[in-house]
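Participant: I would like to see how this sequence folds:
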Amino acid sequence: MPHLPALPHIPPLWRESRFGLELAELRRSPVLRGHGVPDGGGRAVMLIPGFLAGDGSLATMTHWLRQNGYHTRRAGIRANVGCSEEACARLEARLEGFAEHTGQRVSIIGQSRGGVFARALAVRRPDLVDGIVTLGSPTVSQLKVHPLVLAHVGVVSALGTFAKLPGLFTWSCLRGDCCERFRDALTSSFPTDVGYVAMYSRSDGVVDWRSCLDEAAQLVEVGTSHCGMSVSAQVYRELGFALAAFADDDAAGWAQAA
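Facilitator: Okay, the predicted model is just below:
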């Protein structure tokens, strides 16, 4: 018998139905009230939402960070469907203003596509970023996602290309020259003085978890759905310690430089 080619892994989308349970668990958890996690100490954090989502999708996480002593800034994204290079350019300007305002390097949290942007920003501006945390972000292969999500990618790119609707990425964004700088940053070596934690879940119903395993990152496995990473008590606990570690490493780096 000839060997048949292996079928591509299709994430089990039904597992995303756990979102409500994960949110309910967070509301019961002492982590939501900051118990057992380090205080933010006024450190700066910028949050970037995932594909098709806006800043509101990370509202619970933003509120939690502020309650626990962090100075946060949103990405200014209503729906993450724009050209990757244009989005990164806007985010870089926002990041630069935030770093200037706070007088410190910024930590970036990115969910899904937002984490892909976070990695590119860290490579482009390591002087402004002390660390990134990606949540279910396919940084290794952006298109290893559920076929339904791929269909949405196709619809958005078709509307941007043929209907020429503003604010949408096009076919040239996916393969052409307009996002070449973005793709170069995404595949370049990650800066050694910037922290990088990549959280992934084998029960992710949207992204193939293998595409999140960036060799440059400290990998942290969590047991959540894809969308549930934004409201998971386990993720929040890991996030608190990751951000604290970035601050410690940054302080140590400044001390050595002095």
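Participant: which residues in the protein form helices?
Facilitator: 19-28, 59-67, 84-102, 113-124, 147-161, 171-175, 180-187, 233-257 (DSSP state H).
Participant: Where does the prediction get shaky in the stretch 151-258 of the chain?
Facilitator: When the per-residue scores of the stretch 151-258 of the chain are filtered using pLDDT under 70, the ranges that remain are 251-258.
Participant: before we move on, back to that, single out the most deeply packed of the helices of the chain.
Facilitator: Counting by mean count of other CB atoms under 10 Å, helix 113-124 has the highest mean neighbour count of the helices of the chain, with a mean of 26. C-beta coordinates here come from the backbone N, C-alpha and C atoms, glycine included.
Participant: returning to what we had before: looking at the helices of the chain, which is nearest to Ala217?
Facilitator: Nearest to Ala217 among the helices of the chain is helix 113-124; the distance by CB to CB comes to 8.6 Å.
Participant: How far away from the center of its chain is that closest one?
Facilitator: On the basis of CA atoms, centre = their mean, to the nearest Å, helix 113-124 sits 8 Å off its chain's mean C-alpha point.
Participant: what inclination does it have with respect to helix 84-102?
Facilitator: If you take axes from the mean of the first three to the mean of the last three CA atoms, to 10 degrees, helix 113-124 sits at 70 degrees to helix 84-102.
Participant: begin at 27 from here
Facilitator: Yes, from this point I'll number from 27; that puts the last item at helix 139-150.
Participant: Output the contacting helices and strands for helix 139-150.
Facilitator: Here helix 139-150 is seen to pack against strand 70-74, helix 110-128, strand 132-137, strand 155-161, helix 206-213, strand 221-226 when contacts are counted using 3 or more CB pairs under 8 Å, 6 or more residues apart in numbering; DSSP states H and E.
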